[in-house]
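>>> Pasting the sequence and the predicted model now:
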Amino acid sequence: MVPRPMNKPTDVMAATFHGQALAALERGDVASAEQAFRHQLEARPGDAEAWRFLAAREHARGNTAGAIEQLQQARRSDPRDPATLHQLGEMQMLAGDLQGAAESLRAGLALAPGMFVARLRLGVVLEQLQQSHAAMLAYLNAIDAAQAQGRWLSDATTAAGLREAVKHATRYVAAHRRAVFDAAMEPLRQRYGRAELTRVDACLAIYLGERITASPDPRQRPTFLYFPDLPSRPFYPRERFPAHARLEAATEAIREELHAVLAQARDELVPFLGAPAGEAAAAGLLGSSGTQPPAWDAFFFHRHGVRHDSECVRCPRTSTWLDSMALVRIRDHAPEALFSILRPGTHILPHRGVTNTRLVTHLPLVVPPDCALRVGGETHAWQEGRCVTFDDTFEHEAWNHSDRDRVVLIMDSWNPDLSEVEQAAVADLVAAIGDFNRCSENSASARTGEPA
């Protein structure tokens, strides 16, 4: 907003008093600053900053009601000033007007979502109102917003006056999350007994940070969920997956459908990473060994647990074989099944997968020379028609140094060292974690007005 010219005596006087107030504050002369701000308001009554300062002085004197009155003046002067709304919410909270405090804090956060201290105070208010789930979301969003700005990561990055409140918020969120996930597990505990879910309970404790457990192989580091006491190996023996022999026997039929897709439905291919290749390369996910830009395309049969019916119709035999496989099935997460097309010269740079509860299987369909997969430092050369299964929580990469496309059929499978009960429990747990995270994201987006 362009300031209007100060061509009236009152404007000049207000600016003069404002300057005197700031100068007094720099000298530490609070009394003179207060007097100057009062004179400023006589000349220009609509200055929210001056009202906020006077409110802070009333609060310092123990006059919370007076502070609220001054802040209401500030709000009338500038209804969309988030600092005023935050300060007003704080004073209303101290005065015991919890509903009013919640309304003021929410109004301020709608205007300035990054005010993490306001979010923290909103959590306190909602907890006192016994709105436990809303309080947990407010605390969680406060912590996330602060840590995104490098704050509240430790005592050193937390203001001394907020440390206990931040620790309380952290404990509150942890307890609520634990209760949510325990509730998701309880039906299985009742059905199968706790002994059958001992490792799942340990997995949940690790996820929540209640227990520290490292993989026996330092090369293995899941980015999301570590399940303890499973064998730690980059590649899994073929004999652990007897059903893959049936898939390998269908290689020619599957490859015929792949060629039909490449000939007739190239416009249905999508970037595997969801972003254009240039963006993926810039993000350090793809590289190129040639003059052409890197490209990793996909034709999905299943994506994030959703079946792509039109793609399945195009490849009926492939989809039938996939439907017969014991794929990981987790609501909104798995399976993932696709033709993975790695373009000439493309290098999928080293990265790690999310969890060791599921493994990745490749059925190679088109493999030119100079193409390979490396997992945990061990290199594997694909052989057409011969499945390979690996744990992608080990750092892995793949490359195509040839001048032709490399294509494999990718699918998820459960780690065979999980029992059926453990598979069911992991599916329920991951779905519950996803629900919890979406609820948190939707809560944050509701405050910011942005899409989730």
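Nice, I can see it.
>>> Glu397 looks like it's in a strand, true?
Yes: under the criterion used here (DSSP: H, G, I helix; E, B strand; the rest coil), Glu397 sits inside a strand.
>>> Could you count how many residues lie near it?
By other CB atoms under 10 Å, 15 other residues sit near Glu397. Where you see a C-beta, it was placed from the backbone N, CA and C, and this is true even at glycine.
>>> so how far is Ser215 from Arg352?
Taken as CB to CB, to the nearest Å, the spacing of Arg352 relative to Ser215 amounts to 11 Å.
>>> ok, now Pro344?
According to CB to CB, Pro344 stands 35 Å off from Ser215.
>>> how does this protein divide into domains?
Each domain of the chain is listed here as a residue range: 9-159, 238-416, per automatic domain parsing.
>>> Turn those domains into CSV, columns for mean pLDDT and distance to Lys167.
Compiled in CSV, the domains of the chain are given as follows (pLDDT from 0 to 100; distance: least, CB to CB, whole Å):
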stretch, mean pLDDT, distance to Lys167
domain 9-159, 89, 9
domain 238-416, 93, 29
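>>> wait, doesn't Ala33 sit right on Phe53?
Yes: with contact taken as CB atoms under 8 Å, Ala33 and Phe53 are classed as touching, separated by 7.2 Å.
>>> which residues are common contacts for the two?
Residues within reach of Ala33 and of Phe53 at once, by CB atoms under 8 Å, 6 or more residues apart in numbering, are Ala21.
>>> what about Ala107, is that helix, strand or coil?
What three-state DSSP gives for Ala107 is helix.
>>> What's the local residue count around it?
Ala107: 18 surrounding residues under other CB under 10 Å.
>>> repeat for the one 5 residues further on
Close neighbours of Ala112, defined as other CB under 10 Å, add up to 16.
>>> Can you tell me the closest non-neighbouring residue to it?
Here the nearest residue to Ala112 in space, its sequence neighbours aside, is Pro82; by CB to CB, 6 or more residues apart in numbering that works out to 3.7 Å.
>>> Let me see the contact set for Ala31.
With CB under 8 Å, 6+ apart, Ala31 has no contacts at all.
>>> Now name the helix or strand holding it.
helix 30-43 (DSSP states H and E).
>>> Identify the bridge partners of Gly287.
As for beta bridges, Gly287 partners with His347 under DSSP bridges.
>>> ok, it to Arg219 distance?
21 Å.
>>> show me where the protein has strands.
Read by DSSP state E, the chain holds these strands, from start to end of the chain: 270-271, 286-288, 296-303, 306-307, 337-342, 346-351, 358-366, 371-375, 378-380, 388-390, 396-400, 406-414.
>>> buried residues in stretch 166-186?
Residues Val166, Ala169, Tyr172, Val173, His176, Arg177, Val180, Phe181, Ala184, Met185 are the ones in stretch 166-186 that count as buried (16 or more other CB atoms under 10 Å).
>>> what's the burial count for the nearest residue to the third one once chain neighbours are set aside?
For Tyr172, the nearest residue in space outside its immediate sequence neighbours is Tyr139; the separation is 5.4 Å by CB to CB, 6+ apart. Under the neighbour criterion other CB under 10 Å, Tyr139 is assigned a count of 26.
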